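Asks: make a model of this:
(one chain, ligands or ions: 1)
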Amino acid sequence: MAATPTSARTERAIEILRDLVAFDTTSEKTNLPMADWVERYLVSHGIESHRLPAENGIHTNLFATIGPKGAGPAGVGGLGLSGHMDVVPTTGQPWDTDPYTMTEKDGRLYGRGTCDMKGFVACVLAMVPDFKARALKTPLHIVLSYDEEVGCTGVQPMIETFGKTLPRPRLIVVGEPTNMTVVDAHKGGSRFMTEITGKDAHSSKPQLGVGSIRIAAELIAELGRIETRLKSRHTDPRFDPPYASITVSGIEGGVAHNIIPPSCTFRWGVRTLPGLDAMTIAAELQAYAERELLPAMRAVWPECDVVTTPVGILPPFASGKGSEATSLALKLAGQNETFAVPYGTEASHFEAAGSSTVVIGPGSIDQAHQPNEYVEIAELEKCVEFLDRIAAWAEITPTPA
Ligand SMILES: [Zn+2]
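Replies: All right, here's what the predicted structure looks like:
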């Protein structure tokens, strides 16, 4: 059978992307209709997929294998093509077109998720007939997750089944937008919640109370000082900005004008560089509270407390230029330079679980999460060519034992 020309494959990817964009898969909404669609599409090509439903009943992961299955329930290694099905909300964003109706203009495809990252998923699905047509020696897995945009939480239960009910891919390509350049490192992104228990009192008797909002202010100021210390201690010029950054993103507290507020909660996050564990920053904040704040608070009211809870931990990703996945991606993409990016992806979780991982996908992160998000058709074209080279590699490369 003659190989499909790139233009026809790209056309196929565009048609699939149109269908995928039409599903509003904002993280908090269901992704089941999109999963149904993908499942039906794969069945139409004779491929069975496995669902890993979430406990909330409205989300599911999807995993499918093309090529040799190998012996045993865990099968053989292979290469996983990974994407997330969820998208960020369009709430409050000034769009010129309907975000869920893909619109083509000047070589660009506009719509929510076209760039982050249904464009990559559409390219993978468009290549399925070509993957099927080859006698693959190494299996190619399609690895689709939910809840990536709310802390990369959906992929984790799927990874836990790798090597048990699902094969553990030896290699993973995460198709997040990198303009089809090879990314071998990214920052971690971890989120915390700090709750302060103070003591209420009438505001005319401040000596009887502990104002939790003022304590929060002290802690937030300390986070600023911690960030300054991090900047002077540890930088990495591959990243922009080259240091770990801390953001305080929300605060709640207070009862009435004349009441010392008994409780306050604030949310904060840290973007860590490889080599820095976000939990050490939470521990530093806690040590400050124990040393500088809690003794005086508890002298007024023994039950006063400061408690910091991790809400989501995404470790930094740093596979290195020489890793198996990175060197394969460089070879197949015909490039010799790798990049580091400041945003987080599921790559950290795959790499930590033992799959050699690399990030490369169509579109620019500058368009992700933005109003009038778009992907260039030329990027999809580069992506299908890259996927075709992966398939050619999988056809001649026996899967390692
Ligand atoms: Zn994404």
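
Asks: got a list of what Glu351 touches?
Replies: Residues counted as contacts of Glu351 (C-beta atoms under 8 Å, 6 or more residues apart in numbering) are 172, 317, 319, 357. No exception for glycine: its C-beta is placed from N, CA and C like everyone else's.

Asks: which residue is nearest the middle of this structure?
Replies: Thr345 (3.4 Å; C-alpha atoms, centre = their mean).

Asks: that one touches Pro316, doesn't it?
Replies: No. Using C-beta atoms under 8 Å, Thr345 makes no contact with Pro316, being 10.8 Å away.

Asks: tell me how far the lengthiest helix in the chain lies from the chain's centre.
Replies: For the chain, the helix that runs over the most residues, judged by DSSP state H, is helix 212-233. Its chain's C-alpha centre and that of helix 212-233 lie 27 Å apart, by C-alpha atoms, centre = their mean, to the nearest Å.

Asks: over to stretch 158-177?
Replies: 14 Å.

Asks: going forward, the N-terminal residue is numbered 363.
Replies: Happy to do that; since the first residue is 363 now, the last one works out to stretch 520-539.

Asks: pLDDT on it, on average?
Replies: Regarding stretch 520-539, the rounded mean pLDDT is 94.

Asks: quickly list what the nearest residue to Val669 once chain neighbours are set aside is bridged to.
Replies: Spatial nearest neighbour of Val669, excluding adjacent residues (C-beta to C-beta, 6 or more residues apart in numbering): Glu557 at 5.0 Å. Using DSSP bridges, the bridge partners assigned to Glu557 are Thr627, Val669.

Asks: how about Glu557, what does it touch?
Replies: Glu557 touches 625-627, 667-671, counting by C-beta under 8 Å, 6+ apart.

Asks: for these, which one is nearest the ion?
Replies: In terms of C-beta to the ion, no member of the contacts of Glu557 lies closer to the ion than Thr671, at 25.4 Å.

Asks: element containing that closest one, please.
Replies: strand 667-676 (DSSP states H and E).

Asks: ok, and what's touching the following helix or strand past that strand?
Replies: Sequence-wise, the next helix or strand downstream of strand 667-676 (DSSP H and E) is strand 679-680. With contact meaning C-beta under 8 Å, 6+ apart, strand 679-680 is reached by 546-548, 550, 636, 702, 706-707, 709-710, 713, 719, 721.

Asks: let's see that with 6 Å instead.
Replies: With contact meaning C-beta atoms under 6 Å, 6 or more residues apart in numbering, strand 679-680 is reached by 547-548, 636, 709-710, 713.

Asks: biggest separation within the residues you listed, which pair?
Replies: Pro636 and Ala709 (11.8 Å; C-beta to C-beta).

Asks: overlap in contacts of the two?
Replies: Joint contacts of Pro636 and Ala709 (C-beta under 6 Å, 6+ apart) do not exist.

Asks: show me where the stretch 663-763 of the chain has helices.
Replies: 686-695, 709-714, 739-758 (DSSP state H, counting those that start in this stretch).

Asks: and of these, who's closest to Ala370?
Replies: Once the helices of the stretch 663-763 of the chain are compared by C-beta to C-beta, helix 739-758 is nearest, at 9.6 Å.

Asks: chain center to that closest one, what's the gap?
Replies: 23 Å.

Asks: ok, now stretch 405-420?
Replies: 20 Å.

Asks: buried ones in that stretch?
Replies: 409, 411, 414, 416 (16 or more other C-beta atoms under 10 Å).

Asks: can you pull out the helices in the stretch 413-562 of the chain?
Replies: Taking DSSP H, counting those that start in this stretch, the helices of the stretch 413-562 of the chain run over residues 481-488, 490-495, 517-522.

Asks: highest mean neighbour count out of those helices?
Replies: Each of the helices of the stretch 413-562 of the chain was scored by mean neighbour count; the highest is helix 481-488, a mean of 28, by mean count of other C-beta atoms under 10 Å.

Asks: and that one, what does it pack against?
Replies: helix 368-383, strand 441-446, helix 739-758 (3 or more C-beta pairs under 6 Å, 6 or more residues apart in numbering; DSSP states H and E).

Asks: orientation of that helix relative to helix 739-758 in degrees?
Replies: 50 degrees (axes from the mean of the first three to the mean of the last three C-alpha atoms, to 10 degrees).

Asks: pull the CA atoms of helix 481-488 into PDB?
Replies: What follows is helix 481-488, C-alpha atoms only, in PDB (Å, rounded to 0.1, in the frame of the first residue of the first chain):
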ATOM      1  CA  GLY A 481      -4.100  19.300  18.000                       C
ATOM      2  CA  PHE A 482      -1.600  16.600  19.000                       C
ATOM      3  CA  VAL A 483      -4.300  14.100  19.800                       C
ATOM      4  CA  ALA A 484      -5.900  14.700  16.400                       C
ATOM      5  CA  CYS A 485      -2.600  14.100  14.700                       C
ATOM      6  CA  VAL A 486      -2.100  10.800  16.600                       C
ATOM      7  CA  LEU A 487      -5.600   9.700  15.700                       C
ATOM      8  CA  ALA A 488      -5.200  10.700  12.000                       C
END
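
Asks: close to the ion, is it?
Replies: No. Interface with the ion: helix 481-488 contributes nothing (C-beta under 5 Å from the ion), its closest point being 8.9 Å away.

Asks: tell me what angle that helix forms with strand 441-446.
Replies: 130 degrees.

Asks: how deep is the nearest residue to Thr543 once chain neighbours are set aside tucked in, by neighbour count?
Replies: Using C-beta to C-beta, 6+ apart and skipping the chain neighbours, the partner closest in space to Thr543 is Phe701 (5.5 Å). By the measure other C-beta atoms under 10 Å, the count of residues near Phe701 is 16.

Asks: pretty sure Phe701 is in contact with Val545, am I right?
Replies: Yes. Contact criterion C-beta atoms under 6 Å: Phe701 and Val545 qualify, at 5.1 Å.

Asks: give me the low-pLDDT residue ranges for this structure?
Replies: 363-366, 432-438, 761-763 (pLDDT under 70).

Asks: so which bits of it are right by the ion?
Replies: 478-479, 538.

Asks: make TSV out of the residues you listed and add distance to Asp562 and neighbour count.
Replies: TSV is the format used below for those (distance: C-beta to C-beta, whole Å; neighbours: other C-beta atoms under 10 Å):
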residue	distance to Asp562	neighbour count
Asp478	45	28
Met479	47	27
Glu538	47	27
